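In: Please find the sequence and the predicted model below.
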Amino acid sequence: MAIILGIESSCDETSASICIDGEIKSNIIASQAIHAKYGGVVPELASRAHQQHIIPTVDQAIVQAKIHKNDIDAVAFTRGPGLLGALLVGTSFAKSFALARNIPLIEVNHMQAHILAHFIDDPKPEFPFLCLTVSGGHTQIVLVKDYFEMELLGQTLDDAAGEAFDKTAKILNLPYPGGPLIDKYAKEGNPHAFQLPEPQIENLDFSFSGLKTAILYMVQAQEKINPNFLQEQLADVCASVQSRIVSILLNKLKKAAKLTGVSRIAIAGGVSANSGLRKALLETGDRLGWNVFIPKFEYCTDNAAMIAIAGYQKYLQKSFVAQDVTPLARMHV
Ligand code: KG4
Ligand code: ZN
């Protein structure tokens, strides 16, 4: 039997999870409300909040899994990518825990972990599959050949898809993180109300900064005509923006599927919680004969269950790291 403690602290969620023989027994997430009033994550405040939350979060994960901390066989932690000060908290905790208990230490790449969240529940994708990983910091299309053998086929040249949601929300005077709110208002709106541009990029890369500028200009122009524009047409703006972001993502996925001949298609990362994206992916998958994999909501945004499941695979491979390991703000899949 293998009991893995997973620790996630790369951005603004402190999370701990217990995985027993590949099964997630607990996944505790302490979110940091403090960032909302600043309109984005403040790194210094995130580090402090992680310091505050890490011990109670781990304690709760252990209690909920009905184990004792002495039962844990290895500790897996997010090494990167992410905010360095935030990563340092989880890394230091994991190192201390492993040292004190004399158990192996396992480093996990946060972006790989988002993808490996697909191995928490059934149905699990067979290799190879394509994964669109869309979060607040990344937008990638990855060809997943094995648990830790991944090829980056395309990525954003500027803003991430999550940033496109969050920056649009800021223009619309919505609080951070704006993605879930845009998703909510979009449900009531008309996706064809406003025409927004689709960037013309040849390969599998993405660009979202032009879209953000187009939205800003559109809102400014409309507000000149009607000062109450945003109050009156918020749902239509949200629906139009979401529909454009989703079509940009899906068009690239279609291209990637055609180029690689792979028809097992997965999504991962915070933006994969978006209901418009989930629905459009299912419809496109139906039409094109794809086998579509969508994670449960709780495993889309940052969580330690994905770190623990990735850690479990590394535990089976005896892929451990030494105590001199340090976090990395940048890390490739
Ligand atoms: O993966 P994640 O939790 O953290 C990072 O590693 O970045 O992703 C957070 C991002 C934020 O930009 C947030 O606005 C976006 O995911 N997000 C959503 C939704 N839920 C979270 N975007 C659109 N619709 C949602 N329902
Ligand atoms: Zn993430």
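Out: Arrived safely, thanks for sending. Being a predicted model, the structure only gives us computed values, none of them experimental. Ligands and ions are numbered 1, 2, ... in the order given.
In: Now do the residue in the stretch 1-150 of the chain that ligand 2 sits nearest to: how many residues are near it, please.
Out: Residue of the stretch 1-150 of the chain nearest ligand 2, by CB to the ion: Ser135 (4.2 Å). Any C-beta I mention is one placed from the backbone N, CA and C, and that applies to glycine too. For Ser135, the count of nearby residues is 25 (other CB atoms under 10 Å).
In: ok, now which ones touch it?
Out: For Ser135, the contact set (CB atoms under 8 Å, 6 or more residues apart in numbering) comprises His114, Ala160, Ala161, Gly162, Gly269, Gly270, Val271, Asp302.
In: And what about the first one, helix, strand or coil?
Out: The one in question is His114. helix (DSSP: H, G, I helix; E, B strand; the rest coil).
In: Let me know whether it touches Gly269 as I believe.
Out: Yes - look at His114 against Gly269 with CB atoms under 8 Å: they come within range, at 4.8 Å.
In: neighbouring contacts of stretch 215-234?
Out: Residues contacting stretch 215-234 (CB under 8 Å, 6+ apart): Thr168, Ile171, Leu172, Asn173, Tyr185, Gly189, Ala193, Phe194, Leu196, Val237, Val241.
In: Any buried residues in stretch 319-333, and which?
Out: Of all the residues in stretch 319-333, those buried under the rule 16 or more other CB atoms under 10 Å are Phe320, Val321, Val325, Pro327, Leu328, Met331, Val333.
In: I'd like the mean pLDDT over it, please.
Out: Mean per-residue pLDDT for stretch 319-333: 96.
In: is that stretch anywhere near ligand 1?
Out: No - for stretch 319-333, no contact with ligand 1 is found by CB under 6 Å from any ligand atom; the gap never falls below 12.2 Å.
In: rewinding a little: in JSON lines: the contacts of Ser135, plus neighbour count.
Out: Formatted as JSON lines, those follow (neighbours: other CB atoms under 10 Å):
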{"residue": "His114", "neighbour count": "31"}
{"residue": "Ala160", "neighbour count": "24"}
{"residue": "Ala161", "neighbour count": "29"}
{"residue": "Gly162", "neighbour count": "24"}
{"residue": "Gly269", "neighbour count": "28"}
{"residue": "Gly270", "neighbour count": "26"}
{"residue": "Val271", "neighbour count": "28"}
{"residue": "Asp302", "neighbour count": "26"}
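In: and ligand 2, which of the residues you listed reach it?
Out: Applying CB under 5 Å from the ion to those, one finds that Asp302 fall near ligand 2.
In: Among the contacts of Ser135, which are located in strands?
Out: The members of these all map outside strands under DSSP state E.
In: Among the contacts of Ser135, give me the pair with the biggest separation.
Out: Ala161 and Asp302 (15.1 Å; CB to CB).
In: re earlier: what residues does the closest residue to the residue of the stretch 1-150 of the chain closest to ligand 2 other than its chain neighbours make contact with?
Out: Setting aside the residues directly before and after it, Ser135 is nearest to Gly269 in space (CB to CB, 6 or more residues apart in numbering), at 3.6 Å. Residues in contact with Gly269 (CB under 8 Å, 6+ apart) are His114, Thr133, Val134, Ser135, His138, Gly162, Cys300, Thr301.
In: neighbours around Gly261, how many?
Out: 7.
In: list the buried ones in the strand or helix carrying Thr213?
Out: Assigned by DSSP states H and E, Thr213 belongs to helix 209-225. Using 16+ other CB under 10 Å as the test for burial, helix 209-225 gives Leu211, Lys212, Ala214, Ile215, Met218, Val219, Gln222.
In: what does the model give the residue sitting nearest the centre point of the chain for pLDDT?
Out: Residue closest to the average C-alpha location in the chain (CA atoms, centre = their mean): Gly269, at 2.4 Å. You'll see Gly269 listed with a pLDDT of 95.
In: and the gap between it and Gly179?
Out: To Gly179, Gly269 is 11 Å away according to CB to CB, to the nearest Å.
In: what does the stretch 51-200 of the chain put close to ligand 1?
Out: Taking CB under 6 Å from any ligand atom, the part of the stretch 51-200 of the chain that reaches ligand 1 is made up of Ser135, Gly136, Gly137, Gly162, Phe165, Asp166, Pro177, Gly178, Gly179, Pro180, Asp183.
In: switch the cut-off to 5 Å
Out: Residues of the stretch 51-200 of the chain found near ligand 1 (CB under 5 Å from any ligand atom) are Ser135, Gly136, Gly137, Gly162, Phe165, Asp166, Pro177, Gly179, Pro180, Asp183.
In: what about Thr284, how many neighbours?
Out: What Thr284 shows, counting by other CB under 10 Å, is a neighbour count of 18.
In: wait, is it part of a helix?
Out: Yes - Thr284 sits within a helix when classified using three-state DSSP.
In: So for Gly327, what's the nearest residue that isn't a sequence neighbour?
Out: Quick fix: residue 327 is Pro, not Gly. Leu87 (3.5 Å).
In: The one you found: what's it in contact with?
Out: Residues near Leu87 by CB under 8 Å, 6+ apart: Ser9, Ser10, Thr78, Arg79, Gly80, Pro327, Leu328, Ala329.
In: Mind checking what secondary structure the residue of the stretch 1-150 of the chain found nearest ligand 1 has?
Out: Ligand 1 sits closest to Gly136 of the stretch 1-150 of the chain, with a gap of 2.8 Å, by CB to the nearest ligand atom. The assignment at Gly136 comes out as coil when based on three-state DSSP.
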